[in-house]
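Asker: just a sequence and a predicted model for now, questions to come.
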Amino acid sequence: MKKVGVALLGLGTVGGGTYRILVNNKSRIEEEYGISLEIIKIMERDKKKAEKLGVPLSVLTTDINDIISNPEINVVAEFFGGIEPAKTFLIQSLEAGKSIVTANKELFSKNWPELEMAAKKGNAGLYFEATCAGGVPVIRTLNDAMQANTITAIKGIINGTTNYILTKMSDEGADYGDVLKTAQKLGYAEANPEADVEGYDASYKLSILSTLAYKTAVPVNAVYREGITKITNADIEFGKEFGLTIKLLGISKKTDKGIEARVHPVFIPKTHPLSSVKGSFNAVYISGDAVDDIMLYGRGAGDLPTGSAIVSDIVYAGLSERHKRFPQVLRKDNCNFISDFESEYYIRLLVNDKPGVLASLSGILGKYDISITTMVQKEGENVVPLCFVTHKTCEKAIQNAVSEIKKLPDVIEVSNIIRVER
Ligand code: HSE
């Protein structure tokens, strides 16, 4: 039976989950796939972590050279997180001819060209199923199951922490700060929760998914990003009146004009399949010209769900005779990235309850060719919240209209602007 030597870099949450899956499923993988996955080395300083998992201390090392120079090791799976030393170790492994498996979305999305070059040099493979949506096999789907399609759009709930927070706020009226603390306790949130709530984590994942889907490099800095920190319970309640649910989505589209990629809070109709994705679950909705729309759903984080994706990659790497290449990340073509994208908009204002306020508002919207679909005004004393949803318009038109609306004497504040995606 073919032996595949595996090294694990780190035994944290996902590293530990991967170890357990590899040990518990060893004989089943041998039977079903005809390869024997042998854990040769584990780079981990903390002996207690190893002992807890029942790892034989003889496989532990703190020296990367024990891995890079070991000819028995074919696959290196990385769980360090952060950029360094993970990046250097992965590049050294690839150049030494070892395929790499990683869940490190920040490192992967920001350094894909360098990793691709090192993989080519060492004739090794890049495996990164676990970078996007944890245990949901979305990379495999894009790489191996959509060949018949030109992919036109991706819409994804690709950050579990923010989906957990927004679900708790929507379903239970919970307070943003309290729920964030619970998400951190439950272990969904990144070490620095800004990565989740400001949309960075989702932007790394959208960059990777879009680069695969459109066969064009969509670097992280081409992804427009906005987080969920400005979303209030008031917006969520108004949204419900319009039949809308709030989500942090990663959205990318390929149109005749170019590619748009953005991460921001979005209102979606409560009838949209993504609206039913609650708590820390992830889901990716992909549109292809042949298959139409598909949706993949599951756990986007956690030791065993992410470990499931890692082990699948290890098996794939072990079985591959020819590793997949990603030439798009090395091409210097001039893809047009659209920043003035089209959307519908939800706008919430605080206004003086006086005759003529609506007329002055609609005058400004008319000037920018923006049409309103629905409007709600709440009762109040003198100052009242006013909320409306527009038809599709472009980003620039909304920004220009809002800056004029802010100057109206009877507009106390523009409380929030949220895009609406159907
Ligand atoms: N912090 C991430 C999330 C973990 O909340 O989805 C998985 O990437």
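Answerer: Everything's here; your move. Small disclaimer: the values here were computed from a predicted structure and weren't measured. Residues are numbered from 1 along each chain as shown.
Asker: around the ligand, pick out the residues from the stretch 201-350 of the chain.
Answerer: Contact residues, the stretch 201-350 of the chain versus the ligand (C-beta under 6 Å from any ligand atom): 201, 300-301. Every residue, glycine included, has its C-beta placed from N, CA and C.
Asker: among those, the buried ones, what's the ChimeraX command?
Answerer: Only the buried entries of those go into this ChimeraX selection, using 16 or more other C-beta atoms under 10 Å:
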select :201,300,301
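Asker: what's the closest of the residues of the stretch 201-350 of the chain next to the ligand to the ligand?
Answerer: For those, the minimum distance to the ligand (C-beta to the nearest ligand atom) is 3.7 Å, reached by residue 301.
Asker: now do the contacts for that closest one.
Answerer: Residue 301 is in contact with 134, 160, 187-188, 280, counting by C-beta atoms under 8 Å, 6 or more residues apart in numbering.
Asker: so how far is residue 309 from it?
Answerer: Using C-beta to C-beta, to the nearest Å, residue 301 is found at 11 Å from residue 309.
Asker: so what sits against both of those two?
Answerer: Residues touching both residue 301 and residue 309 by C-beta under 8 Å, 6+ apart: residue 134.
Asker: re earlier: show me the two of the contacts of residue 301 that sit farthest apart.
Answerer: By the measure C-beta to C-beta, 134 and 187 form the most distant pair in the contacts of residue 301, at 12.1 Å.
Asker: between these two, which contacts overlap?
Answerer: The contact lists of residue 134 and residue 187 share 301-302, where a contact means C-beta under 8 Å, 6+ apart.
Asker: so for the two, which sits in the more crowded spot?
Answerer: Comparing residue 134 with residue 187 by other C-beta atoms under 10 Å, the one with more neighbours is residue 134, at 28 against 12.
Asker: pretty sure residue 18 sits against residue 9.
Answerer: No: using C-beta atoms under 8 Å as the test, residue 18 is too far from residue 9 to be in contact (10.8 Å).
Asker: give me the neighbour count for the closest residue to residue 120 other than its chain neighbours.
Answerer: Distances taken as C-beta to C-beta, 6 or more residues apart in numbering put residue 325 closest to residue 120, at 7.0 Å, once the chain neighbours are dropped. Residue 325: 13 surrounding residues under other C-beta under 10 Å.
Asker: secondary structure element for residue 325?
Answerer: Under DSSP states H and E, no helix or strand contains residue 325.
Asker: ok, it touching residue 116?
Answerer: Yes: the pair residue 325 / residue 116 is scored as a contact, 7.3 Å apart, by C-beta under 8 Å.
Asker: other SSEs contacting the lowest-mean-pLDDT helix or strand in the chain?
Answerer: Across the helices and strands of the chain, mean pLDDT, DSSP states H and E gives its lowest value to helix 176-186, namely a mean of 90. With contacts taken as 3 or more C-beta pairs under 8 Å, 6 or more residues apart in numbering; DSSP states H and E, helix 176-186 sits against helix 160-172.
Asker: the helix it packs on versus helix 176-186: what angle between them?
Answerer: Orientation check (axes from the mean of the first three to the mean of the last three C-alpha atoms, to 10 degrees): helix 160-172 against helix 176-186 gives 130 degrees.
Asker: residue farthest from the centroid of this protein?
Answerer: The centre of the chain is farthest from one residue, residue 355, which by C-alpha atoms, centre = their mean lies 45.8 Å away.
Asker: and that one, which of the three is it?
Answerer: State at residue 355, reduced to three classes by DSSP: H, G, I helix; E, B strand; the rest coil: coil.
Asker: that one and the ligand, how far apart?
Answerer: Per C-beta to the nearest ligand atom, to the nearest Å, residue 355 is found 48 Å from the ligand.
Asker: all helices of the stretch 301-422 of the chain, in order?
Answerer: In the stretch 301-422 of the chain, the helices defined using DSSP state H, counting those that start in this stretch lie at 303-319, 357-367, 395-406.
Asker: to residue 224, which of the ones you listed lies closest?
Answerer: In terms of C-beta to C-beta, the element of the helices of the stretch 301-422 of the chain nearest to residue 224 is helix 395-406, at 9.0 Å.
Asker: report all helices and strands that the closest one contacts.
Answerer: strand 342-352, helix 357-367, strand 411-420.
Asker: need the winner for burial among those.
Answerer: Across these, averaging neighbours per residue (mean count of other C-beta atoms under 10 Å) puts strand 342-352 on top, at a mean of 20.
Asker: what sits up against that one?
Answerer: Contacting residues not belonging to strand 342-352 are listed as 234-235, 238-239, 242, 244, 267, 357, 361, 373, 382-395, 398, 402, 405, 410-422 [C-beta under 8 Å, 6+ apart].
Asker: can you list the domain ranges for this structure.
Answerer: Domain ranges of the chain: 2-132+319-329, 138-300, 342-420, per automatic domain parsing.
Asker: gap between residue 267 and residue 387?
Answerer: 11 Å.
Asker: again, but for residue 252
Answerer: On the measure of C-beta to C-beta, residue 252 and residue 387 end up 28 Å apart.
Asker: looking at the two, which is more packed in?
Answerer: Comparing residue 252 with residue 387 by other C-beta under 10 Å, the one with more neighbours is residue 252, at 25 against 22.
Asker: give me the low-pLDDT residue ranges for the stretch 301-422 of the chain?
Answerer: Residues of the stretch 301-422 of the chain meeting the criterion pLDDT under 70: 334.
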